[in-house]
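Peer 1: Curious how this folds, go ahead:
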Amino acid sequence: QVQLVESGGGLVQPGGSLRLSCAASGFTVVNYGMRWYRQAPGKERELVAAIGTDSANPTYSDSVKGRFTVSRDNAKNTMSLQMNSLKSTDAAVYFCDARSYFSSAEYWGQGTQVTVSS
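Peer 2: Below you'll find the model as predicted:
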């Protein structure tokens, strides 16, 4: 069964840090570009970070650049998002996405809630 499962969300104070993880099963992430998205209530889903198979040149939205770091471990079939200096505007449900380089296959996780509040 193909699955992406996010974890690591929770409540954090402004200025704090969280590390999100995305674990894949049922397929091998090495053949997939991977992304983190987020969606806040009443807002459209926003691409936060993207990382290719070789982890070279990950990209970030302007809103998180310099604060968030995306990484992946192909051997463990996982992707992570280290979030530092969190702001209230970072509060959202965070989703991971895997998109095949070789087919139309694309998989989404169920999301993990990040709440930033004092």
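Peer 1: Next up, the contacts around the residue nearest in space to the middle of the chain.
Peer 2: Most central in the chain under Cα atoms, centre = their mean is residue 36, positioned 2.9 Å from the mean C-alpha point. Neighbour list for residue 36: 20, 22, 47-50, 70, 79, 81, 94-97 [criterion: Cβ atoms under 8 Å, 6 or more residues apart in numbering]. No exception for glycine: its C-beta is placed from N, CA and C like everyone else's.
Peer 1: now swap in residue 88 and tell me
Peer 2: 14, 116, 117.
Peer 1: So it versus residue 116, what's the distance?
Peer 2: 5 Å (Cβ to Cβ, to the nearest Å).
Peer 1: Quick check: mean pLDDT of the helix or strand hosting residue 20?
Peer 2: Secondary-structure element containing residue 20, defined by DSSP states H and E: strand 18-25. Across strand 18-25, pLDDT averages out at 98.
Peer 1: From the chain's centroid, how far away is the very next helix or strand once past that strand?
Peer 2: Next in sequence after strand 18-25, counting helices and strands by DSSP H and E, comes strand 32-39. Relative to its parent chain, strand 32-39 has a centroid offset of 5 Å by Cα atoms, centre = their mean, to the nearest Å.
Peer 1: Quick check: neighbours of strand 32-39 in the sheet, parallel or antiparallel?
Peer 2: Its sheet considered, strand 32-39 pairs with strand 46-51 (antiparallel), strand 92-100 (antiparallel) by DSSP bridges.
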